[in-house]
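[1] Let's see this in three dimensions:
(one chain, ligands or ions: 1)
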Amino acid sequence: MANFYGHFTTGVVLGAAYGAAGAWYGHFDWGVVFLAGGLTAIGALTPDLDSDNAVPLRELFSLVGAIFPLFLIPRLRRSGLSLEQALVILFGGYLVIRYGLLAVFKKFTVHRGMFHSIPALLIAGLAVYNIYHHDEWRLRAYMAGGMMLGFLSHLVLDEIFAVDLAGVPRLKRSFGTALKFTSSSWLATGVCYALLLLLAGAAWTEKRDDDPFRIEIRPGRLTEGLLKKRW
Ligand SMILES: [Zn+2]
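    Residues are numbered from 1 along each chain as shown. You can find the predicted model right below:
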């Protein structure tokens, strides 16, 4: 397999190009451009969340745990929560991903299973599209596109090259285990496609004003007055 740094370097280079393209053609501001570029770099690492190599795995989960809750901010702002309540949710999201999800992944995923597949690539893109809330769907698609570009770069690299630290590419033996549509496990394949359908359905049915994923938490009476100050 291409190693952690090989994937990361590729993701950063692609992210820079993707960000530049967004600024040039999409006229997006620097915040959007850097975020999408960063997502490309994260996307390039994401398939190896199924890896059993402890150190890169912990780094990956820390990174994903820190970044993904931040995409909830637009939703949290709309939901009328106070800043403190929003921070609790963001920090809780980090803990759930960094410790809870990591433990689940270690137990249930197989390296080069369905995480290295085309449906997983689509799931990653749709997850970003659904989590990142914005009235402008093109912005959401741009973010999702960054994620998928990075993810695709990982699959292609895994499929063809093993990039060692000296940067010398060499052919590897496990050809055909990354860019695939199904795995040998029917359960993993089934769960993967079910999740894909669910996320695709959520993205398809979501309307601007009537968002099914919108977090509706009613503030308590005591904090209602405080909430009038927007954060
Ligand atoms: Zn991989």
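[2] going forward, measure contacts between C-alpha atoms and count neighbours the same way
    Fine.
[3] So for stretch 179-188, first residue to last residue, what's the gap.
    Taking Cα to Cα, to the nearest Å, stretch 179-188 runs 16 Å from one end to the other.
[4] now it: how far from the chain's centre is it?
    Stretch 179-188 sits 20 Å away from the centroid of its parent chain (Cα atoms, centre = their mean, to the nearest Å).
[5] element containing residue 76?
    helix 73-78 (DSSP states H and E).
[6] Now the longest helix along the chain: buried residues?
    Longest helix of the chain, by residue count under DSSP state H: helix 137-160. Going by neighbour count (16 or more other Cα atoms under 10 Å), the buried part of helix 137-160 is 139-155, 157-160.
[7] cool, and stretch 76-89?
    76, 79, 80, 81, 82, 83, 86, 87, 89.
[8] Next, give phi and psi for the third one.
    For residue 80, the backbone dihedrals are phi 80, psi 20 (criterion: degrees, to the nearest 10).
[9] swap in residue 61?
    phi -70, psi -30.
[10] Please name the nearest non-neighbouring residue to it.
    Spatial nearest neighbour of residue 61, excluding adjacent residues (Cα to Cα, 6 or more residues apart in numbering): residue 98 at 5.2 Å.
[11] Shouldn't the one you found be within a helix?
    Yes: assessed with DSSP: H, G, I helix; E, B strand; the rest coil, residue 98 lies in a helix.
[12] counting contacts, what elements does the helix or strand harbouring residue 85 pack onto?
    Using DSSP H and E, residue 85 sits in helix 83-95. Helix 83-95 sits against helix 54-67, with contacts defined as 3 or more Cα pairs under 8 Å, 6 or more residues apart in numbering; DSSP states H and E.
[13] at 6 Å what do you get?
    In terms of contacts (3 or more Cα pairs under 6 Å, 6 or more residues apart in numbering; DSSP states H and E), helix 83-95 is packed against no helix or strand at all.
[14] tell me the average confidence for it?
    Here helix 83-95 scores 91 as its mean pLDDT.
[15] From the chain's centroid, how far away is it?
    18 Å.
[16] same question, stretch 19-28
    Taking the mean of its C-alpha atoms, stretch 19-28 sits 21 Å from the chain's own mean (Cα atoms, centre = their mean).
[17] which outside residues touch it?
    Residues outside stretch 19-28 that contact it (Cα atoms under 6 Å, 6 or more residues apart in numbering) are 33, 37.
[18] same deal with stretch 48-60?
    109, 111.
[19] Alpha carbons only: can I get that stretch in CSV?
    Extracted C-alpha coordinates of stretch 48-60, given in CSV (Å, rounded to 0.1, in the frame of the first residue of the first chain):
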residue,chain,number,x,y,z
ASP,A,48,-7.2,3.9,5.5
LEU,A,49,-9.5,4.4,8.4
ASP,A,50,-9.8,0.6,8.1
SER,A,51,-6.1,0.2,8.6
ASP,A,52,-4.8,-1.7,11.6
ASN,A,53,-1.7,0.3,11.9
ALA,A,54,-2.1,2.0,15.2
VAL,A,55,-0.3,5.3,14.9
PRO,A,56,-1.6,6.6,11.5
LEU,A,57,-5.0,5.3,12.6
ARG,A,58,-5.0,7.4,15.8
GLU,A,59,-3.8,10.4,13.9
LEU,A,60,-6.5,9.9,11.3
